[in-house]
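Peer 1: The sequence isn't on hand, but the structure is:
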């Protein structure tokens, strides 16, 4: 959005030890066409939901309704976690996000820090957050970045699983995997999730974004790891040369490549179930999860409302996961009765999504015999969850009704806020279109990499929809500037700069994209995917580090021009600058953001209804001592239980993070 392609003037200067070295590459601003105006915001009703086309889906799916049923069951089933307590929904139950407040802090592992700071004398794992802890970076004058008085590089995120190492499956219904405890006080020098020798649940290194409307993202995860092409096995798409699925050809199951376009949600779904932070004992493979779940009845330990909009018909009689797969997927992906020999090495073909480096237990599992259905479980899991999440579209907010012609849907204050959003506040420059994000499929597919004139002079190339906005110092977390497990950059800009066009997929055309020249300046380090602002009332805490508790704190952040703009100047988005908003204007802007809430989300009405769910909610004890569960070396979980909700929703609406007014700071 900040300038389209225009071939640069490149100055090659200098000769060192007989080799020509690129010392300076200068792109003049006049070589970059003027910025296109941002896409207008508008109603989400009628916007095409991205995904594979009917022909591409039909090659895999024979009953889409059954596939959605399968996806919803898998998403909410706590038995997907190795501990039989952790579902995908465990981090996405509150408007698609997570509002728990105890044991929700990562000490800044991506920044190389293992010291908990938030909470002062009480800081540590299992700390319970309070309103006074926010924002994590504090200023004497909220409008002046030069008045910083406190700072913490902790990340407010989501508790996942205990540190454990996978030994094998236990086939009894509902039993957790067999796993050995890994002491997080000493493992890899200590990860910090341990109190007095007792492990607490690990907390992810980035805040959990909402899954509602995530189908509109071209790539998913904060750093875009969830590729737009689904390979049937892990998040990395065409980047993983070993990713294969089993298809029956001539009566015999054979390994074949899968490259399903426009399927970032399927790529994303295949990450957490094997994550040693989020859901799994480390070194578990999808085939192990398949062996455990396939014979079991869906959501067997959880309640389904008889009026559930997807699963209501199964409230009393639960099919097995294998039965739903037979109904949903084409038989060439599950029908073979021939035993497949899976080598221990092949079990490592799918790569871990974990971004904290060096935490994986790299042990080779024994060879095993599997059915075709077990071997293809990652394929079924990813695609079914994608089809379910594609139904989670919130398009009936007051703003949508206003955009569709109801002039009474917004208050005068919200109308003033909308004008600020599109003007003085500069919000629309990153949060454009009906999706309220430049990272949307509709925006990115037209231009995946772009040039922009940087705030500190010169021009740089960047991944469309990913920006460094000065939340934290760049080097603490490189975001899309990081690397995948194969040594490739996550950034499409850097991939293109290296000429790896064939690994980008989804029709990437180097003739139509402003491919950066060797040595040309890029702005990808410390850049993160722009999140949607829909339902933002309920999805706090905010930013990739969870550092803000309310929308007013977020508006203060932008008004002062970011918290680390000067430190990040080489990669900083040029729209991050002091805005000069008055207090009344800030309130108007927050009021407009509240107009993006869909009441179906607020009251969990269809399609946002769900089965019952109990989630770990911290441990018995405090941040200085916890009770141990027998001799396991693990703290005793406290659980928070949500009842099943049917299609008509609940009478009690969702509340903001910490119950705070979004106008408070």
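Peer 2: Sure, I can see it. Note that this is a predicted model, so its numbers are computed, not measured.
Peer 1: now the helices for the stretch 201-350 of the chain?
Peer 2: 264-269, 286-293, 321-328 (DSSP state H, counting those that start in this stretch).
Peer 1: residue boundaries of the helices in the stretch 551-665 of the chain?
Peer 2: Under DSSP H, counting those that start in this stretch, the stretch 551-665 of the chain gives helices at 551-559, 583-594, 599-602.
Peer 1: how about those, which one is nearest residue 214?
Peer 2: Residue 214 lies closest to helix 599-602 among these, at 13.2 Å (Cβ to Cβ). Quick note: C-beta positions are derived from backbone N, CA and C, even for glycine.
Peer 1: contact partners of the closest one?
Peer 2: Applying Cβ atoms under 8 Å, 6 or more residues apart in numbering, the set of residues contacting helix 599-602 from outside is 95-96, 212, 394, 396-397, 535, 538, 605-608, 649, 653-654.
Peer 1: Also stretch 552-559?
Peer 2: So stretch 552-559 is contacted by 134-135, 142-143, 425-427, 471, 542-543, 548, 563, 576, 578-581, 586-587, 589-590, 662-665 (Cβ under 8 Å, 6+ apart).
Peer 1: What subset of the residues you listed is buried?
Peer 2: 134-135, 142-143, 425-427, 471, 542-543, 548, 563, 576, 579, 581, 586-587, 589-590, 662, 665 (16 or more other Cβ atoms under 10 Å).
Peer 1: before we move on, the earlier item: could you tell me which of the contacts of helix 599-602 count as buried?
Peer 2: Buried, going by 16+ other Cβ under 10 Å: 95-96, 212, 394, 396-397, 535, 538, 605-608, 649, 654, out of these.
Peer 1: so of the helices of the stretch 551-665 of the chain, which one's packed in deepest?
Peer 2: helix 551-559 (a mean of 24; mean count of other Cβ atoms under 10 Å).
Peer 1: still on that earlier bit, between the contacts of helix 599-602, which sits nearest residue 40?
Peer 2: residue 397 (16.3 Å).
Peer 1: which ones are touching that closest one?
Peer 2: Contacts of residue 397 (Cβ under 8 Å, 6+ apart): 534-535, 595-599.
Peer 1: Next one: it from residue 418, what distance?
Peer 2: For residue 397, the distance to residue 418 (Cβ to Cβ, to the nearest Å) stands at 12 Å.
Peer 1: which residues are common contacts for these two?
Peer 2: Joint contacts of residue 397 and residue 418 (Cβ under 8 Å, 6+ apart) are residue 595.
Peer 1: Just tell me which of the helices of the stretch 201-350 of the chain ends up closest to residue 389.
Peer 2: helix 264-269 (5.1 Å).
Peer 1: Next, the residues that contact that closest one from outside, please.
Peer 2: 88, 214-215, 217-221, 226-231, 234-237, 260, 381-383, 385-386, 389-390.
Peer 1: Buried only: go through these for me.
Peer 2: 88, 214-215, 217-221, 226-231, 234-237, 260, 381-383, 385-386, 389-390.
Peer 1: right, and residue 551 touches residue 535 too?
Peer 2: No: between residue 551 and residue 535 there is no contact under Cβ atoms under 8 Å: 11.9 Å.
Peer 1: so what's residue 502 up against?
Peer 2: residue 238.
Peer 1: and it, how far is that from residue 510?
Peer 2: Taken as Cβ to Cβ, the span from residue 502 to residue 510 is 10 Å.
Peer 1: Please apply the same query to residue 446.
Peer 2: Distance, residue 446 to residue 510, by Cβ to Cβ: 15 Å.
Peer 1: Please apply the same query to residue 165.
Peer 2: From residue 165 to residue 510 the distance is 43 Å (Cβ to Cβ).
Peer 1: Looking only at neighbour counts, state which of these two leads.
Peer 2: residue 165 (17 against 12; other Cβ atoms under 10 Å).
Peer 1: Tell me the bridge partners for the more buried one.
Peer 2: Counting by DSSP bridges, residue 165 forms beta bridges with residue 180, residue 282.
Peer 1: isn't it right next to residue 283, touching?
Peer 2: Yes: under the criterion of Cβ under 8 Å, residue 165 makes contact with residue 283 at 6.2 Å.
Peer 1: list the contacts for residue 191?
Peer 2: If you count contacts by Cβ under 8 Å, 6+ apart, residue 191 has them with 109, 114, 163, 184, 202, 356, 359.
Peer 1: Same question for residue 273.
Peer 2: 80-81, 88, 279-280, 286, 289, 381.
Peer 1: Same question for residue 428.
Peer 2: Here residue 428 is in contact with 38, 41, 421-422 (Cβ under 8 Å, 6+ apart).
Peer 1: hmm, which two among these are most spread apart?
Peer 2: Longest span within the contacts of residue 428, Cβ to Cβ: 38 and 421, 10.7 Å.
Peer 1: Give me the distance between residue 416 and residue 296.
Peer 2: Using Cβ to Cβ, residue 416 is found at 54 Å from residue 296.
Peer 1: Equivalent analysis for residue 38, please.
Peer 2: Counting by Cβ to Cβ, the gap from residue 38 to residue 296 is 48 Å.
Peer 1: and what of residue 217?
Peer 2: For residue 217 relative to residue 296 (Cβ to Cβ), the value is 31 Å.
Peer 1: cool, and residue 192?
Peer 2: In terms of Cβ to Cβ, residue 192 sits 35 Å off from residue 296.
Peer 1: what does residue 79 give?
Peer 2: In terms of Cβ to Cβ, residue 79 sits 7 Å off from residue 296.
Peer 1: Equivalent analysis for residue 131, please.
Peer 2: Taking Cβ to Cβ, one finds residue 131 at 42 Å from residue 296.
Peer 1: who has more neighbours, the two?
Peer 2: Per other Cβ under 10 Å, whichever of residue 131 and residue 296 has more neighbours is residue 296, with 19 against 13.
Peer 1: Would you confirm that that one contacts residue 323?
Peer 2: No: using Cβ under 8 Å, residue 296 is not in contact with residue 323; the gap is 10.7 Å.
Peer 1: quick one on the thing from earlier: taking the contacts of residue 191 together, which two end up most distant?
Peer 2: Greatest spatial distance among those (Cβ to Cβ): 114 and 163, at 13.4 Å.
Peer 1: Tell me which of those two has more neighbours.
Peer 2: For residue 114 versus residue 163, the count of surrounding residues by other Cβ under 10 Å is larger for residue 163: 29 against 16.
Peer 1: list the contacts for that one?
Peer 2: 181-184, 187, 191, 193, 199, 202, 276, 282.
Peer 1: rerun that using 10 Å as the cut-off
Peer 2: The contact partners of residue 163, taken as Cβ atoms under 10 Å, 6 or more residues apart in numbering, are 179-185, 187-188, 191, 193-194, 199-202, 276-277, 281-282, 359, 361, 633-634.
Peer 1: Drop anything exposed from the residues you listed.
Peer 2: Looks like those have 179, 181-182, 184-185, 187, 191, 193-194, 199-202, 276-277, 281-282, 359, 361, 633-634 buried, using 16+ other Cβ under 10 Å.
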